[in-house]
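J.: Curious how this folds, go ahead:
(one chain, ligands or ions: 2)
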Amino acid sequence: MGAARRATATQAFARLSALYNQHRESERHRERDSEQRPGHHSEQARQSEHDQQSGQGRQSGQGRQARQSGRGRQARQSGHDPQGRQAGQSGHDPQGRQRTLRTPTGIYRIEDTFASGDLADLYATDTDALLKIPRDPADSDLMQTEADALRRLRTDGDPRFRAYAPKLLETFTHEDREHRRRTINVIKHQRGMRPLNETETLSDSIWIWRKLLVALGWAHRAGVVHGAILEPHILIHPEHRGLVLIDWCYSGHRPKAIVKAREIAYPPEVLTDRIATEATDIYMATGLMVRLLNDDMPARLRRFAAGCMYQAPRMRPQDAWALLAELDEIIGI
Ligand SMILES: Nc1ncnc2c1ncn2[C@@H]1O[C@H](COP(=O)(O)OP(=O)(O)O)[C@@H](O)[C@H]1O
Ligand SMILES: [Mg+2]
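T.: Numbering: from 1, shown residues only. Ligands and ions are numbered 1, 2, ... in the order given. This is a model prediction of the structure:
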């Protein structure tokens, strides 16, 4: 290529880049304007598609029947998207831009879909906050249940054990374009922790049982029953031996819903009478530990577990703190 032609090509390329940058800049402005219009959040979910999908695998509550929440589909397949993008796209649009969600007390830059639970999709942000957004607006009551439980743990629980539940940063009602209202919980992201169902097999996991009983002892003393002690709700940090109990949507003595996909893990009082007590959490925590330890349980520990899993809740231990003392005796601590 001669020098003159090379110069022309360079100029043409420079012109093209300038045009492209101009276009990108005007797109950015347009978007910022629409986000800043009062009462107009950047969340503009395409709800009709979402509503069709969100009914899958979940049976809505009728009358006194406990609702059953279906196992959430993969985050990227779920329809609700706080950024108004088409379902199935990632947190960044093709130009790599981020979107924001304004709330009564903060502005969150939404980075990506982080996880998908049974009820909600969780979005990572540029801060330590995760936005937990129910796919179905009708599940907002369960988000409120969670917010109430987390608040109660903070106000009535012994502050020394606060680290056993994530911090609720805020909770608010969001109205989308179609005027559907959702309760959104903003929860502290427990970085570096993974749910038990996604954790590799541990050589030693008895500490999880101990910490679980601490978490339950703490919550029960504050008057909160968790109601869904299941693998995806136990975040752990294997090296630091940290444990955080998440998803308090099912808490309370009269649970409004159960995790349908894990019905088998529930004791009879929840399935038949829709009642949950401290003994319910003890039954579910024990069941989880039996699944986790599998064949790795000496006879004494097996007997201990069996005593925590009687069908009748009144036959089971009621006090997680006392149970921890018993467990410590068995394992020789
Ligand atoms: N505070 C948190 N920090 C880190 N991961 C979390 C946190 N809360 C939830 N998760 C992840 O998101 C998943 C779904 O959250 P969950 O609260 O169970 O939602 P749902 O109520 O929809 O079931 C969890 O299994 C976990 O992997
Ligand atoms: Mg869950």
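
J.: Quick check, pLDDT for residue 198.
T.: On pLDDT, residue 198 comes in at 94.

J.: Now the phi/psi pair for it, please.
T.: Phi and psi for residue 198, reported as degrees, to the nearest 10, are phi -110, psi 10.

J.: I'd like to know how far it sits from ligand 2.
T.: 13 Å (C-beta to the ion, to the nearest Å). (Glycine included, C-beta is placed from N, CA and C.)

J.: Just give the number of residues close to the closest residue to ligand 1 within the stretch 101-250 of the chain.
T.: For the stretch 101-250 of the chain and ligand 1, the shortest gap (C-beta to the nearest ligand atom) falls at residue 117, measuring 2.2 Å. Residues near residue 117, counting by other C-beta atoms under 10 Å, number 21.

J.: Thought residue 247 was touching it, still the case?
T.: Yes: with contact defined as C-beta atoms under 8 Å, residue 117 reaches residue 247; the gap is 6.6 Å.

J.: what touches both of the two?
T.: Common contacts of residue 117 and residue 247 (C-beta atoms under 8 Å, 6 or more residues apart in numbering): residue 232.

J.: still on that earlier bit, just the local confidence number for the residue of the stretch 101-250 of the chain closest to ligand 1, please.
T.: 97.

J.: Residue 276 is in contact with residue 252, correct?
T.: Yes: counting by C-beta under 8 Å, residue 252 does reach residue 276; the two are 6.8 Å apart.

J.: which neighbours do these two share?
T.: By C-beta under 8 Å, 6+ apart, residue 252 and residue 276 have these common neighbours: 225, 227.

J.: which one of the two has more residues nearby?
T.: Taking neighbours as other C-beta under 10 Å, residue 252 and residue 276 compare with residue 276 leading, 27 against 17.

J.: Distance-wise, check the more buried one relative to residue 220.
T.: According to C-beta to C-beta, to the nearest Å, residue 276 stands 11 Å off from residue 220.

J.: try residue 265
T.: On the measure of C-beta to C-beta, residue 265 and residue 220 end up 19 Å apart.

J.: got it, and residue 209?
T.: 16 Å.

J.: One more: residue 283?
T.: Distance, residue 283 to residue 220, by C-beta to C-beta: 13 Å.

J.: Of the two, which one has the most company?
T.: Ranked by neighbour count (other C-beta under 10 Å), residue 283 and residue 220 place residue 283 first, with 26 against 21.

J.: Look at that one and report its pLDDT.
T.: Looking at residue 283, its pLDDT reads 98.

J.: One more: residue 40?
T.: 29.

J.: For the stretch 201-333 of the chain, just list every one of the helices.
T.: Along the stretch 201-333 of the chain, counting by DSSP state H, counting those that start in this stretch, helices occupy 206-221, 268-273, 278-293, 299-307, 320-331.

J.: mind listing what's buried in the shortest one?
T.: It refers to helix 268-273. 269-270 (16 or more other C-beta atoms under 10 Å).

J.: And the average pLDDT for that helix is what?
T.: For helix 268-273, mean pLDDT rounds to 98.

J.: and what of stretch 252-262?
T.: Here stretch 252-262 scores 97 as its mean pLDDT.

J.: ok, is it in contact with ligand 2 or not?
T.: No: judged by C-beta under 5 Å from the ion, stretch 252-262 makes no contact with ligand 2; its nearest approach is 6.6 Å.

J.: in that stretch, what's buried?
T.: Buried-residue list, stretch 252-262, by 16+ other C-beta under 10 Å: 252, 255-262.

J.: okay, the top strand by length along the chain in CSV with CA atoms only?
T.: If you go by DSSP state E, the chain has its longest strand at strand 107-116. Below are the C-alpha coordinates for strand 107-116, written out as CSV (Å, rounded to 0.1, in the frame of the first residue of the first chain):
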residue,chain,number,x,y,z
ILE,A,107,-28.7,4.1,43.6
TYR,A,108,-27.5,0.7,42.5
ARG,A,109,-25.5,0.0,39.4
ILE,A,110,-26.7,-3.4,38.4
GLU,A,111,-23.8,-5.5,37.1
ASP,A,112,-25.1,-9.0,36.4
THR,A,113,-27.6,-11.7,37.3
PHE,A,114,-26.0,-13.3,40.3
ALA,A,115,-28.2,-16.3,41.2
SER,A,116,-31.7,-17.6,40.8
